[in-house]
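any chance you can model this:
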Amino acid sequence: MKASFLPLAALVGTACVDFGVDATTVEDPELPVAVTCDTGDCGALVEMQGLRFLQMEVAVPLGGTVTWINQDSAFHIIAEGEPGGAAPEWISPSILFGESWSFTFDEPGEHIYYCDNHERSMKDAFVIVEER
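Sure, this is the predicted structure:
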């Protein structure tokens, strides 16, 4: 598994990211969400705003990438697992307002994550990694 830190502007040219509306995975159908596609390069977008994940569940194919974008004035740290659980297998650096961080998933299954510094309000979100 590899992680990368990208400025928000780097996402604009990403070919597989579709910022259309997908009301099946978003509480508010007016919010943009990324959708997956059939290549290993594709992924999903999770926005962080109002001290919450706007997309609590996203799906990517095996080898797909999830990108978290911070739209809060507070910084966020994304960590695998549940608050108070075992040490995370992966954890992001501090993601400041307007910045993003990406992680590529190479293990199929359901991957739960939370924000390490807002674990009361930002927890129980997950990525479903599907074998294709």
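
the strands in the chain, which residues?
Along the chain, the segments classed as strands by DSSP state E run 2-7, 43-48, 57-61, 65-70, 78-80, 99-104, 109-115, 125-130.

helices and strands around the longest one, which ones?
The helices and strands touching strand 109-115, judged by 3 or more C-beta pairs under 8 Å, 6 or more residues apart in numbering; DSSP states H and E, are strand 78-80, strand 125-130. Where you see a C-beta, it was placed from the backbone N, CA and C, and this is true even at glycine.

so which of those strands is nearest Leu62?
For the helices and strands packed on strand 109-115, the distance to Leu62 is smallest for strand 125-130, at 5.8 Å, taking C-beta to C-beta.

in its sheet, what does that closest one sit against?
strand 57-61 (parallel), strand 109-115 (antiparallel) (DSSP bridges).

for the strands of the chain, which one sits closest to Glu89?
Glu89 lies closest to strand 78-80 among the strands of the chain, at 4.9 Å (C-beta to C-beta).

and the closest one, what does it pack onto?
strand 109-115.

Throw the strands of the chain into a markdown table and include distance to Ala86, thanks.
Listed next are those as a markdown table, based on distance: least, C-beta to C-beta, whole Å:
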| stretch | distance to Ala86 |
| --- | --- |
| strand 2-7 | 19 |
| strand 43-48 | 22 |
| strand 57-61 | 22 |
| strand 65-70 | 21 |
| strand 78-80 | 9 |
| strand 99-104 | 18 |
| strand 109-115 | 12 |
| strand 125-130 | 16 |
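
which of these is buried the deepest?
Of the strands of the chain, the one with the most neighbours on average (mean count of other C-beta atoms under 10 Å) is strand 43-48, at a mean of 24.

before we move on, back to that, turn the strands of the chain into TSV, including mean pLDDT and distance to Pro88.
Conversion of the strands of the chain to TSV gives the following (pLDDT from 0 to 100; distance: least, C-beta to C-beta, whole Å):
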stretch	mean pLDDT	distance to Pro88
strand 2-7	49	12
strand 43-48	95	16
strand 57-61	95	18
strand 65-70	97	14
strand 78-80	97	4
strand 99-104	97	11
strand 109-115	97	8
strand 125-130	96	14
